[in-house]
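>>> Sequence plus predicted model, see below.
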Amino acid sequence: MGPWRWSLLWCLHVALVRGTVLAGGQNSRERPPRPAGWSPAPSSSWAPTPEPGSSRDPEGSAAALAFLQTGDAQRLARANCSRGVAAGAALAHAANFLNMLFQTNDIREASVAEDVEWYQALVRSLAEGHPWVRRAVLALDAHPLAAKPRLMLQATKGDGEILLQDVSATAPGLGNLSWDNEWFNSFKSQRNPVLRKRVLSNDLRSMETPKWQRGDSYVGEPGHVRWSPPFLECRDGRFLPAWAVTLSSAFYGLKPDLSPEFKGVVRVDIELRDVAIDQCASGPGWFADTHRCDLNSTQCVPQESRGFVLGRYLCRCKPGFYGAVGSRALGSPSTAAGADGGSRLACRPCRQGCTTCEDDMPCLIQEDRALRAAILSCQACCMLAVFLSMLISYHFRRSKRIRASGVVLLEMILFGSLLLYFPVFILYFKPSIFRCIVLRWVRMLGFAIVYGTITLKLYRVLKVFLSRTAQRVPYVSSQRVLKMLGLILLLVLWFLAAWTIGMLENVDKNIPLVIRTQTARGLHFYICGHDRWDYMMVIAEMLFLLWGSFLCYATRTVPSAFHEPRYMGIALHNELMISATFHVVR
């Protein structure tokens, strides 16, 4: 019976793939008898429709729905039932289960009594063909217009045995057009079955029977096999704790005119064992897209399940969301499909700036607006004082003190100081690629202008007053100092241009310029990243300040009417110590 076993497996696979979505939670109804003379339309997918006023089994329906959701066999065993319960309104039918059983002259002309042992063996083999088969039935029809079949054999699989019964005595019930008899009546009432004609040939020289050489035969199309909706069987007033489906296929003989003639139906009840319900799947399927996960904030993750049970999935929070109870997943195999009105399981969004979170705690550091405003105000006051100093210096440009220092050089120092104050204003806003680039430019240019001018002024003092040659040294004017400062600025501009090009290339390579870091408490914040270019800038600044410090030491004995070298030395050493301390701590 190898082919029968593979046919069962293949049919079950086709039905799971090509089925339609189950109408979950729908109360099953009994199908009442139809009026006399009623017959279904000749369609291969006909299913009876319940009429208004049909009787219900509230306790059985509720127990069946709970069993579909939880798989709790003990709870199902405590419920009473009066009939089987279908799990859906319509399910897809499979194909190619049986081809032709009856279409040779010997079988067609033989009597039932003579071939009953053959039929019994066939039913037993169907029941034993696969571990999932619960029951096999063979119903032979005596005549197309007969009210009951001539023979009805049933093989029921039990604990290690197969019980074979002749249930022909209950066959008159098949004449009722109800749901329980649909597996037989739908085939019998079919006017024009969809069959495929095939020619049979026999080699009479090597065979004694049959006596004919060529004959016609009919086999079923792929849609000939029919599947019932999943159901729970009610036996002795109790549900069997396993969902099952019925596969049925009609077989046909030949009339004297060689046209197909309905002979009976073969039926197999298969338990849905180890058939996992994937409610997370998309597309066609029995339970596709029947989960309750909110796809905007969660991801449906199917769980390993053994049995035909709903709710075997988890709603896992997507990145940027968290569960209502502080977990990364919502639901469980026993609660994910609970009857709570069909509400969606959704995760809550994380706080702004959090890529992942476990609760509603903030991920980004909270800004102290008052402190930031105070620092910005203080910085603005300092810049205003520098700007007023520039106006005052220009107004008193003919003063001896300012003339001795050089009004142009003094204005350059004050202008560089304004540039050094600008980084605080840039850091007040959230970091970005443009702001990080501008921050370097303003900081380096301001430093080069301020301390370059101071260092060159000290160099001019050393050049004039500490020459050891007898030859007179030409005076280093302010214009020459500005030219030398221009060379320093040109070098700085070249360095900044090269750094900017390198940073833009890193951005194209997905190397971020703005990085995310965190405090000791785990709160995140964004800053402009530092790399080897920044360390080169720091080393260049420190070397430049050390050269200025050497010039201060060399000019310590130079007499000055207004002690300008002393004040410039204080400014240089102040920047040297503060910068060194800041870079070491950072």
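Good, I have the coordinates.

>>> so what does the longest helix belonging to the chain touch, helix or strand wise?
In the chain, assigned by DSSP state H, the helix with the most residues is helix 433-465. Helix 433-465 is packed against helix 407-428, helix 478-508, strand 524-528, helix 532-554, helix 564-585, with contacts defined by 3 or more Cβ pairs under 8 Å, 6 or more residues apart in numbering; DSSP states H and E. To be clear about C-beta, it is placed using only N, CA and C from the backbone, and glycine gets the same treatment.

>>> any idea which of these is most buried?
Burial of the helices and strands packed on helix 433-465 is given as mean neighbour count (mean count of other Cβ atoms under 10 Å); helix 407-428 ranks first at a mean of 18.

>>> So which elements touch that helix?
helix 369-395, helix 433-465, helix 478-508.

>>> quick one, that helix and strand 524-528 angle?
Relative orientation of helix 407-428 versus strand 524-528 (axes from the mean of the first three to the mean of the last three Cα atoms, to 10 degrees): 150 degrees.

>>> And the lowest mean pLDDT element among the helices and strands of this structure?
helix 2-18 (a mean of 37; mean pLDDT, DSSP states H and E).

>>> before we move on, the earlier item: could I get the helices and strands packed on helix 433-465 as CSV with mean pLDDT and distance to residue 390?
Below are these laid out as CSV (pLDDT from 0 to 100; distance: least, Cβ to Cβ, whole Å):
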stretch, mean pLDDT, distance to residue 390
helix 407-428, 90, 5
helix 478-508, 90, 16
strand 524-528, 84, 29
helix 532-554, 88, 23
helix 564-585, 86, 17
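
>>> Residue 374: neighbouring residues, count only.
11 (other Cβ atoms under 10 Å).

>>> Next one: it from residue 299, what distance?
Plainly put, residue 374 is 46 Å away from residue 299 if you go by Cβ to Cβ, to the nearest Å.

>>> And residue 128, by the same measure?
Distance, residue 128 to residue 299, by Cβ to Cβ: 44 Å.

>>> Who does the closest residue to residue 188 other than its chain neighbours form a beta bridge with?
Of all residues not flanking residue 188 in the chain, residue 262 sits nearest, at 5.9 Å (Cβ to Cβ, 6 or more residues apart in numbering). In this entry, residue 262 is beta-bridged to residue 252, by DSSP bridges.

>>> burial measure for residue 262, as a count.
Quick note: residue 262 (other Cβ under 10 Å) scores 17 neighbours.

>>> Let me see the contact set for it.
141, 144, 187-188, 190, 193, 250, 252 (Cβ atoms under 8 Å, 6 or more residues apart in numbering).

>>> for residue 534, same thing?
Neighbours of residue 534 in contact, by Cβ under 8 Å, 6+ apart: residue 440.

>>> Tell me the spacing between it and residue 253.
Distance from residue 534 to residue 253, by Cβ to Cβ: 93 Å.

>>> now do residue 566
Residue 566 sits 125 Å away from residue 253, taking Cβ to Cβ as the criterion.

>>> what bridges to the residue lying closest to residue 264 once chain neighbours are set aside?
Using Cβ to Cβ, 6+ apart and skipping the chain neighbours, the partner closest in space to residue 264 is residue 140 (4.2 Å). Beta bridges link residue 140 to residue 151, residue 264 when assigned by DSSP bridges.

>>> do you know how far residue 140 is from residue 164?
15 Å.

>>> These two: who's more crowded?
Between residue 140 and residue 164, residue 140 has the larger neighbour count (other Cβ under 10 Å), namely 20 against 15.

>>> Touching, that one and residue 251? I think so.
No: counting by Cβ atoms under 8 Å, residue 251 is not a contact partner of residue 140; they are 9.3 Å apart.

>>> Common neighbours of the two, please.
Shared contacts of residue 140 and residue 251, defined by Cβ under 8 Å, 6+ apart, comprise 263-264.

>>> wait, what's in contact with residue 409?
Contacts of residue 409 (Cβ under 8 Å, 6+ apart): 453, 457, 478, 481-482.

>>> again with residue 523
Taking Cβ under 8 Å, 6+ apart as the test, what residue 523 contacts is 362-366.

>>> And the pLDDT at it?
On pLDDT, residue 523 comes in at 82.

>>> What's the separation between it and residue 435?
Distance, residue 523 to residue 435, using Cβ to Cβ: 21 Å.

>>> ditto for residue 266
Using Cβ to Cβ, we find residue 266 at a distance of 79 Å from residue 435.

>>> And residue 380, by the same measure?
Taken as Cβ to Cβ, the span from residue 380 to residue 435 is 18 Å.

>>> do residue 238 as well
Distance from residue 238 to residue 435, by Cβ to Cβ: 75 Å.

>>> so what are the domain limits for the protein?
Domains of the chain are assigned by automatic domain parsing as 2-31+56-271, 276-363, 384-585.

>>> Verify the contact between residue 441 and residue 496 for me.
Yes: between residue 441 and residue 496 there is a contact at 5.5 Å, judged by Cβ under 8 Å.

>>> Would you reformat the contacts of residue 409 as TSV and include distance to residue 384?
Shown next, in TSV, are those (distance: Cβ to Cβ, whole Å):
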residue	distance to residue 384
453	22
457	25
478	27
481	28
482	26
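
>>> Correct me if wrong: residue 167 contacts residue 154.
Yes: Residue 167 is within contact range of residue 154, at 5.0 Å (criterion: Cβ under 8 Å).

>>> For residue 155, give me the pLDDT.
Listed pLDDT for residue 155 reads 89.

>>> Quick check: the nearest residue to it once chain neighbours are set aside vs residue 584, distance?
Ranked by Cβ to Cβ, 6+ apart and with sequence neighbours excluded, the top spatial neighbour of residue 155 is residue 127, at 4.0 Å. Per Cβ to Cβ, residue 127 is found 86 Å from residue 584.

>>> Also residue 507?
From residue 507 to residue 584 the distance is 30 Å (Cβ to Cβ).

>>> Name the surrounding residues that touch stretch 345-356.
292-294, 296-298, 315, 317-324, 330-331, 336, 357, 360-364, 524.

>>> How about that stretch, which residues are buried there?
By neighbour count with 16 or more other Cβ atoms under 10 Å, stretch 345-356 contains the buried residues 345-347, 349-350, 354.

>>> again with stretch 281-300
281, 285-288, 290-294, 297-300.

>>> cool, and stretch 361-368?
By 16+ other Cβ under 10 Å, the buried positions in stretch 361-368 come out as 363, 365.

>>> From one end of that stretch to the other, what's the distance?
17 Å (Cα to Cα, to the nearest Å).

>>> Name the residues that touch that stretch?
Stretch 361-368 has contacts (Cβ under 8 Å, 6+ apart) with 350-355, 357, 519, 523-525.

>>> Confidence-wise, which of these comes last?
On pLDDT alone, residue 353 ranks lowest of these, at 76.

>>> so when I look at it, I'm seeing a strand, right?
No: using DSSP: H, G, I helix; E, B strand; the rest coil, the assignment for residue 353 is coil, not a strand.

>>> I'd like to know how far it sits from residue 524.
Residue 353 is 7 Å from residue 524, by Cβ to Cβ.

>>> what does residue 246 give?
Noted for residue 246: a distance of 60 Å to residue 524, by Cβ to Cβ.
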